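Trainee: Coordinates only, no sequence provided:
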């Protein structure tokens, strides 16, 4: 009888180690959540302070990403220079920004017509850009021209137009603002590039070539200007699409979306703009925004090139068979 009582008492007795663990686990969880909240808050504050009172140029303010960046940076107190191909659309964008912001903490955007496809008038546009504030702190190069077609169907004129928009234009603008940045020993060049600056796929020969070229230029430039306090960052995305926002909204209702999210429709302008803001704060040199499959393809291209080429060729043959 006594032995049974003793066993019952032992069952109800709690091991001190187990008791400590039970008490510590909730504390650790609460502490971790608190630290993550503080970290997120600090990042938000830093992203705002990183552009406040600074001169920020957006090379294509009329694109989805350009509009999103313009809205975010205008509210954060940046001195914006908005560029685009349509004066009417630039005026409309500027009016919307001014109407939806507090004029006591924001600055009216400066507007400049800029078309990388018009190389003859580019020097005049660059001079106008430098006259706006006399200097530039941040240059966001997000202009891009896309073409998808078999290589033999593209004319040399189209190849040149692609290179002007995706390579020569951004390079010429960067070279134009570098002397001012170097003399001030400060500045940030941020290039929004395609994943095809790292990975070439069929039917995008000229487009991929232009993206590889601009990626290589700014990778080289990064090392050249680092001693002058100038940062160079690149963001490689699958592609930016407003439809991605709709997909994210729909998928966010599902619990499984937190575990795994496909991005067949590309990256939303809001997501890309958030990444731009983070990079301006943390000065990260390179960021890749893509689903798992394209990331695996990049590594496969480097470590298993024959396998990668075989898969690409098989994809082309399969596409031809369906036509």
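Mentor: Here it is on my side, so go on. All values derive from a computational prediction rather than experimental measurement.

Trainee: Look at residue 309 and give its secondary structure.
Mentor: helix (DSSP: H, G, I helix; E, B strand; the rest coil).

Trainee: close enough to count as contact, residue 281 and residue 50?
Mentor: Yes - applying C-beta atoms under 8 Å as the test, residue 281 and residue 50 come out as touching, 4.4 Å apart. C-betas here are computed from N, CA, C, even on glycine.

Trainee: if I look at the closest residue to residue 290 other than its chain neighbours, how far off is residue 303?
Mentor: In space, not counting the residues next to it along the chain, residue 290 is nearest to residue 238; the distance is 5.0 Å by C-beta to C-beta, 6 or more residues apart in numbering. Relative to residue 303, residue 238 is positioned 21 Å away (C-beta to C-beta, to the nearest Å).

Trainee: got it, and residue 128?
Mentor: 47 Å.

Trainee: Between those two, which has more neighbouring residues?
Mentor: residue 128 (16 against 9; other C-beta atoms under 10 Å).

Trainee: Give me the spatial nearest neighbour of that one, chain neighbours excluded.
Mentor: Per C-beta to C-beta, 6+ apart, closest to residue 128 is residue 112, 5.2 Å.

Trainee: Bridged to the one you found, which residues?
Mentor: Counting by DSSP bridges, residue 112 forms beta bridges with residue 83.

Trainee: ok, it - contacts?
Mentor: 81, 82, 83, 125, 128, 129, 132 (C-beta atoms under 8 Å, 6 or more residues apart in numbering).

Trainee: go again using 10 Å as the cut-off
Mentor: 57, 59, 61, 81-84, 87, 90, 124-129, 131-132 (C-beta atoms under 10 Å, 6 or more residues apart in numbering).

Trainee: Just the buried ones out of the residues you listed, please.
Mentor: 57, 59, 61, 81-84, 90, 125-126, 128-129, 132 (16 or more other C-beta atoms under 10 Å).

Trainee: Next up, the contacts around residue 161.
Mentor: 116, 117, 145, 147, 155, 206, 210.
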